[in-house]
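**Student:** A predicted structure for the sequence below; I have some questions about it.
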Amino acid sequence: MRLRNALTTMMSLAVAARQSTAQTICAQIAASIGWTSVFPSFTPQYTTDILHWLESSTQLSECSVRPNTVEKVATVLALLGKTNTPFAVKGGGHTSNPGFSSTTGVQISLEKFAGVDYDQNAGTVTIGASLVWDEVYGELQPHGVTVLGGRFPSVGVSGLLLGGGYSWKANAFGLGSDSVVAWEVAFPNGTAATVTDANDPDLAFALRGGGNNFGIVTNFVMKAYPQTNVWGGILVVTQDNWDAVLSATETFSSTVTDPKAQIFVIFGSAGLVVTNVPVSFVTLSYDAPEQPEGIFDQFLAIDALIKDISSRSLLSLVQTGLAANYGAFTRGSWDTIPTPSYDRTFMNALVNQTVFWSDKLTSSGSILVGTAIEPFLPSILASGTTETAAYPYTREQVYFPTLLAMYWLPTSIDQTMIAARNSSVDTLKSVLEIETQGAAPGVPYSNYAASTTTVEQLYGSNLARLRQIKKRVDPNNVMGLAGGFKILPA
């Protein structure tokens, strides 16, 4: 009994010490960059700063901080490193991994970095790290240009670009991270700089997909691309027509070579306590005002519950994804299955897993199981403007970022849902292993990957180089105080 009481006392003192340290650093930050930039937990700014797209990704920090210049971000980062204080950096807040952009320490919000500045002469756009892509597209639409950003509403700029980034133009121009030409970065040593291929090719390599390991990026400078209206939208298809969706998807992924054409196919089944509601969301996109005949004919022939297809702006196309927005489910977790190709066997397995787990978990409460098929051209990586990037570590083989997502409401089933996700991913990987005759697993897409994914899996043969770069810019691993897929210094 005495031992238990002693341990309890020691644990309480340790927690109190951590809280005291965090509160002290909040005061130190306020003294360094201004009290109007630091917000305690009772303020509305704090509530906004810790909020994430999924409630399960939100943590209660000691305070939130809104620096308004890259130099002030660097000052904050240096203070956090000096005091060994856990922290997090939030851009758009769309991650499903708790602790990746949330913390119980100091929450840095990039709220003040919200500009979209188009330079017509340079053919570039400078984009603030706090924005989500629908905001960016809305600002660029009057100029008739766009950038390689997210395909659905609420996806953040910084997370997508630091992890790779698939856009509706990916087949033609490669990954979003490949189109970044400059990064404004706050470093752990308290300095700040603009990084380019010309002045620091190694760090530019690392920032293209290397995550939040090298500093805090506050602005991205991206190549601008001409943008007309696009043709496309969404089909909502009930389960009785899923076979037609699978057939059309298989035909599209195996025969269509037009880089302007793209699809995104979601199979979702919502378990609403007493019943399941299986629905497929099929997004069609052609990067021109009208689509050529023949490419999407099989999809258009499907008897859809909802058919919202037209010539529209890119922003409007992205916003059709609201139909498949699972934000009503406040908790969630994702993982990815790197997929070399989409044949009927694997796609059937995806659909079976969706329905199986929805049926099995319905009695646990309001849940939703979703899988996403995302075929691209085999030439997608060769279409990019660079071949020097942390992600993917190999460009010889393209792996499609198949997504498996679980969403739910009650906190009491968190571990049940994560265990179901893991089991489903294992099953699907086994199907692929049989199909590929035991070939080595592919490259996971870090923006979908579960937190248990290792940096060896993500960065492979690039990891040794990344560790050397990390040693140069962050030898004390200050960025390791934040969550994410952590690369250690060499």
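**Tutor:** Okay, I see it.

**Student:** so what's S446 closest to, chain neighbours aside?
**Tutor:** Using Cβ to Cβ, 6 or more residues apart in numbering and skipping residues adjacent in sequence, the residue nearest S446 is G163, 4.4 Å away. C-betas here are computed from N, CA, C, even on glycine.

**Student:** dump the residue contacts of that neighbour.
**Tutor:** Residues in contact with G163, defined by Cβ atoms under 8 Å, 6 or more residues apart in numbering, are S177, G209, G211, Y391, Y445, S446, N447.

**Student:** looking at those, spot the one nearest E71.
**Tutor:** G211 (22.9 Å; Cβ to Cβ).

**Student:** which residues in the stretch 101-250 of the chain form strands?
**Tutor:** Remark: strands assigned in the stretch 101-250 of the chain by DSSP state E, counting those that start in this stretch are 106-109, 116-119, 124-128, 145-146, 180-186, 192-195, 216-223, 225-226, 230-238.

**Student:** what's next to the third one, contact-wise?
**Tutor:** By that I understand strand 124-128. By Cβ under 8 Å, 6+ apart, strand 124-128 touches 110, 113-119, 136, 140, 145, 147, 157, 181, 218-224.

**Student:** run the last query once more with 6 Å
**Tutor:** 113-118, 136, 147, 157, 219-222, 224 (Cβ atoms under 6 Å, 6 or more residues apart in numbering).

**Student:** same deal with the last one?
**Tutor:** When contacts are taken as Cβ under 6 Å, 6+ apart, the neighbours of strand 230-238 outside the stretch itself are 245, 280-287, 290-291, 302, 304-311, 314, 317, 320, 323.

**Student:** tell me the average confidence for that strand?
**Tutor:** Averaging pLDDT along strand 230-238 gives 96.

**Student:** only the buried subset of the contacts of strand 124-128, as a PyMOL command please.
**Tutor:** The PyMOL command for the buried members of the contacts of strand 124-128 (criterion: 16 or more other Cβ atoms under 10 Å) is given here:
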select buried, resi 113+116+118+136+147+157+219+220+221+222+224
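
**Student:** measure stretch 379-399 end to end?
**Tutor:** 11 Å (Cα to Cα, to the nearest Å).

**Student:** now that stretch: buried residues?
**Tutor:** Result for stretch 379-399 [16+ other Cβ under 10 Å]: buried residues I380, L381, S383, G384, T386, A389, A390, Y391, P392, Y393, V398, Y399.

**Student:** name the nearest of those residues relative to A192.
**Tutor:** A390 (21.2 Å).

**Student:** sec struct for that closest one, please.
**Tutor:** coil (DSSP: H, G, I helix; E, B strand; the rest coil).

**Student:** quick one: it from P188, how far?
**Tutor:** For A390, the distance to P188 equals 18 Å [Cβ to Cβ, to the nearest Å].

**Student:** coming back round to it: most tightly packed of the strands of the stretch 101-250 of the chain?
**Tutor:** Sort the strands of the stretch 101-250 of the chain by mean neighbour count, taking mean count of other Cβ atoms under 10 Å, and strand 106-109 sits at the top with a mean of 26.

**Student:** now tell me what touches it from outside.
**Tutor:** In contact with strand 106-109 (Cβ under 6 Å, 6+ apart) are residues D49, I50, S61, S64, V65, R66, T85, F87, A88, V89, K90.
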